[in-house]
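*Asks:* Got a predicted structure here, sequence first:
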Amino acid sequence: MAPKLAFSFSLVLMLVVGCKAGGVAIYWGQNGNEGTLAGTCATGNYEFVNIAFLPTFGNGQTPMINLAGHCDPYSKGCVGLSSDIKSCQARGIKVMLSIGGGAGSYYLTSTEDARQVATYLWNNFLGGRSSSRPLGDAVLDGIDFDIEGGTTQHWDDLARFLSAYSSRGKKVYLTAAPQCPFPDAWVGGALNTGLFDYVWVQFYNNPPCQYSSGNIGNLKDAWKQWTSDMPATKIFLGLPAAPAAAGSGFIPVNVLISQVLPAIKGSGKYGGVMLWSKYYDDQTGYSSSIKSHV
């Protein structure tokens, strides 16, 4: 009996420790010098890749992706990414399409507008069918809401319509990148639906709730509020991967490992760290430095 008990205890211990292990999410697509999508996934550093961005949609506009210097969607030049997406997914990496971004023309004018956008996303990026799929026939894992403008209305409708497609055989994951002041000014209502699987909160360019000059107090307080009051499956700490990646909020690797992560990993909703972006991560090696600690 004793050896079995010891084995059972060690197994439980492994499971408990494993539950606290987090992953790294990365944004890719806004710099042509950040390498390929397949190469990004091949590093082994990331569990999630957000393809950024679809910055034009809603209000009857023709939706259009913008992947900076990677490919030209106007000439169907991005369909070759299909094989990259599939290679990422074969490694167990979830690949999302990020809609919105810091600069774009996007807003929803009604519930019907939200339904139409959801239908477009389903048919062109998810499990539906269309003759004009911008990224080819690969089926993305879900949609990331990086909403930083437009209006505050109907994002909850869009989340509900997208989530409803999960009933068609493959789960449609919903993720979001709100700002750290709680609740988020743009997608707070959508997040309250409880439909979001992963929420990577932007703890940068937001002095009231980010790391600053050695002080992690504001960050800890904001993290506690997000993990206590937000009905999401997992919450991620969103950070710039280099000082140049954001106006403020960069956390040196040694500070993140020694002070910040120990302060936030105790939450059952802790999911890991999100980094902006692959290009900046290449400059600093941030993800490689923190991966074993996340």
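*Replies:* Good, I have the coordinates. Numbering: from 1, shown residues only.

*Asks:* only C-alpha atoms for contact and neighbour calcs from this point on.
*Replies:* OK.

*Asks:* which stretches of the stretch 51-200 of the chain form helices?
*Replies:* 81-90, 111-125, 155-164, 188-191 (DSSP state H, counting those that start in this stretch).

*Asks:* ok, Asn218 touching Asn206?
*Replies:* No - counting by Cα atoms under 8 Å, Asn218 does not reach Asn206; the two are 10.5 Å apart.

*Asks:* that older thread, wait, which of the helices of the stretch 51-200 of the chain is closest to Thr56?
*Replies:* The minimum distance between Thr56 and the helices of the stretch 51-200 of the chain falls on helix 111-125, with 10.8 Å, by Cα to Cα.

*Asks:* Could you check the angle that closest one makes with helix 155-164?
*Replies:* 40 degrees (axes from the mean of the first three to the mean of the last three Cα atoms, to 10 degrees).

*Asks:* list the buried ones in helix 111-125?
*Replies:* Within helix 111-125, the residues that count as buried by 16 or more other Cα atoms under 10 Å are 111, 113-125.

*Asks:* Now do Ser228 against Trp122, distance only.
*Replies:* 32 Å (Cα to Cα, to the nearest Å).

*Asks:* Ok, Lys234 next?
*Replies:* For Lys234 relative to Trp122 (Cα to Cα), the value is 24 Å.

*Asks:* So what does Ile223 have for phi and psi?
*Replies:* Quick fix: residue 223 reads Trp, not Ile. phi -60, psi -40 (degrees, to the nearest 10).

*Asks:* Can you tell me the number of residues neighbouring the closest residue to it other than its chain neighbours?
*Replies:* Ranked by Cα to Cα, 6 or more residues apart in numbering and with sequence neighbours excluded, the top spatial neighbour of Trp223 is Ile264, at 7.1 Å. Using other Cα atoms under 10 Å, Ile264 has 20 other residues around it.

*Asks:* Is Ile264 in contact with Tyr270, as I believe?
*Replies:* Yes - with contact defined as Cα under 8 Å, Ile264 counts as touching Tyr270 (7.1 Å).

*Asks:* how close does Ser277 get to Gly266?
*Replies:* Taking Cα to Cα, one finds Ser277 at 26 Å from Gly266.

*Asks:* between those two, who's got more neighbours?
*Replies:* Legend: neighbour count by other Cα under 10 Å for Ser277 and Gly266, higher for Ser277 (25 against 10).

*Asks:* who's in contact with the more buried one?
*Replies:* By Cα atoms under 8 Å, 6 or more residues apart in numbering, the residues touching Ser277 are 26-28, 240-241, 245.

*Asks:* hey, what's Ala176 bridged with?
*Replies:* Beta-bridge partners for Ala176, by DSSP bridges, are Phe145, Val199.

*Asks:* Please shift the residue numbers so they start at 49 in all later answers.
*Replies:* Right, with 49 as the first residue, what we last looked at is Ala224.

*Asks:* So it sits against Trp248, correct?
*Replies:* Yes - the criterion here is Cα under 8 Å, and Ala224 meets it with Trp248 at 6.2 Å.

*Asks:* Run through the strands of the stretch 149-298 of the chain in chain order.
*Replies:* 153-154, 190-195, 221-224, 246-250, 282-288 (DSSP state E, counting those that start in this stretch).

*Asks:* Mind putting the ones you listed into CSV with distance to Ser214?
*Replies:* CSV is the format used below for those (distance: least, Cα to Cα, whole Å):
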stretch, distance to Ser214
strand 153-154, 24
strand 190-195, 10
strand 221-224, 8
strand 246-250, 16
strand 282-288, 19
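
*Asks:* want to throw those strands into a markdown table with mean pLDDT?
*Replies:* As requested, these are exported to a markdown table (pLDDT from 0 to 100):
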| stretch | mean pLDDT |
| --- | --- |
| strand 153-154 | 96 |
| strand 190-195 | 98 |
| strand 221-224 | 98 |
| strand 246-250 | 98 |
| strand 282-288 | 98 |
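
*Asks:* Any chance of JSON lines for these, columns mean neighbour count?
*Replies:* Output for the strands of the stretch 149-298 of the chain, formatted as JSON lines (neighbours: other Cα atoms under 10 Å):
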{"stretch": "strand 153-154", "mean neighbour count": "20"}
{"stretch": "strand 190-195", "mean neighbour count": "26"}
{"stretch": "strand 221-224", "mean neighbour count": "24"}
{"stretch": "strand 246-250", "mean neighbour count": "25"}
{"stretch": "strand 282-288", "mean neighbour count": "25"}
